[in-house]
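Q: Got a sequence here, can you build the structure:
(chains A and B)
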Number of protein chains: 2
Amino acid sequence: MEGFNMKKDRRIVVAVDESKESMHALSWCLTNLVTPNSNCSLVLLYVKPPPPVYSAFDAAGYMFSGDVISAMEKYSKELVNSVMERAETVYRNFNNNVKVERVVGSGEAKDVICNTVEKLGADILVMGSHGYGFLKRALLGSVSDYCAKHVKCPVVIVKH
Amino acid sequence: MEGFNMKKDRRIVVAVDESKESMHALSWCLTNLVTPNSNCSLVLLYVKPPPPVYSAFDAAGYMFSGDVISAMEKYSKELVNSVMERAETVYRNFNNNVKVERVVGSGEAKDVICNTVEKLGADILVMGSHGYGFLKRALLGSVSDYCAKHVKCPVVIVKH
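A: Below is the predicted model:
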């Protein structure tokens, strides 16, 4: 038989973001991959967009005040917390005593997701389909397409 | 909570073909998705390539004899049987009493897989990454990319 030692000590990375789809993916994962007696741990991975290069001037040539910059940073932190809290509500409802870790990355979602999966030696990556609209998808492809191609472990793509 | 009624009566379609990767995908599925007490059924889907249009003449202008045509058809049938038998060896080793159905389709793999998943109302599609080589992938994309985009249910892409 081909060797899987996955029922025990599996590490599942679930990429979460602001979308309903990613919460649905987490919920799917908890229903379908995390069995009550399985010894697996969940990593909730949220990727913040790359920090904007504050040129200190906006397009109209006005200088950003420190207040604006710190407001932007505060907003970004609140976003992380709000996503993680929503995710925690989802898995708390399942009551299956799974170990959960939060990881927050920053940068291009597709690169950060692939790198984190490799770095953690994850056994499974679960994500929403992260589709863009038609045109952007045609030009850029979707994050999930990219990850499905580039990570070595099995990838589950869940749609809403 | 978002409604999944998946732990019971899940129908999992596993696309199998001549590749080791697809047997690995089946094995992954049996390890990770099929729990001993889960009431789920497995559909092994094999897609035969579309029947060649027998023009009755080959490229050099010679007429195909009936023998050649029937030899080709025999080969195609043997291929189906050999893939299905390998798949059965894989799941017999797991001993988890899952109901297994065989479905053999014919045509373009990506279309047949997507149509079968919809027709059967499958809950999960599991497949190998079915990658082509670099150039063909760049031109055509892979079967798994296409399916991940087009089926509505969660898709698991397993690599070897």
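
Q: Rounded mean pLDDT for stretch A:70-87, please.
A: Across stretch A:70-87, the average pLDDT comes to 88.

Q: Count the neighbours of A:Ile124 for me.
A: Around A:Ile124 there are 23 other residues, counting by other Cβ atoms under 10 Å in any protein chain shown. For glycine as for every other residue, the C-beta is placed from the backbone atoms N, C-alpha and C.

Q: ok, what's across the strand from it?
A: Beta-bridge partners recorded for A:Ile124 (DSSP bridges): A:Ile12.

Q: In chain A, what helix or strand scores lowest on average pLDDT?
A: helix A:134-140 (a mean of 60; mean pLDDT, DSSP states H and E).

Q: roughly how far is the next helix or strand after that helix from the heart of the chain?
A: Using DSSP states H and E, the next helix or strand after helix A:134-140 towards the C-terminus is helix A:143-150. In this view, helix A:143-150 has its centroid 13 Å away from the chain centroid, taken as Cα atoms, centre = their mean, to the nearest Å.

Q: Then stretch A:16-30?
A: Centre-to-centre, stretch A:16-30 and its host chain are 9 Å apart (Cα atoms, centre = their mean).

Q: Need the residues that contact that stretch.
A: A:12, A:14-15, A:42, A:44-47, A:79, A:83-84, A:86-87, A:90-91, A:94, A:96, A:98, A:109, A:126-130, A:156, A:158-160, B:1-2, B:4, B:6, B:154 (Cβ atoms under 8 Å, 6 or more residues apart in numbering or on different chains).

Q: just checking, which of these belong to strands?
A: Taking DSSP state E as the definition of strands, the contacts of stretch A:16-30 contribute A:12, A:14-15, A:42, A:44-47, A:126-128, A:156, A:158.

Q: can you pick the most crowded of those residues?
A: Within those, A:Val14 tops the neighbour count with 30 neighbours, counted by other Cβ under 10 Å.

Q: wait, that residue sits on A:Cys40?
A: No - the pair A:Val14 / A:Cys40 is not scored as a contact, 11.5 Å apart, by Cβ atoms under 8 Å.

Q: per-residue pLDDT, A:Arg11?
A: So, for A:Arg11, pLDDT stands at 95.

Q: where's the closest residue to A:Gly128 other than its chain neighbours, which helix or strand?
A: Using Cβ to Cβ, 6 or more residues apart in numbering or on different chains and skipping the chain neighbours, the partner closest in space to A:Gly128 is A:Glu21 (3.4 Å). A:Glu21 is part of helix A:20-32, with elements assigned from DSSP H and E.
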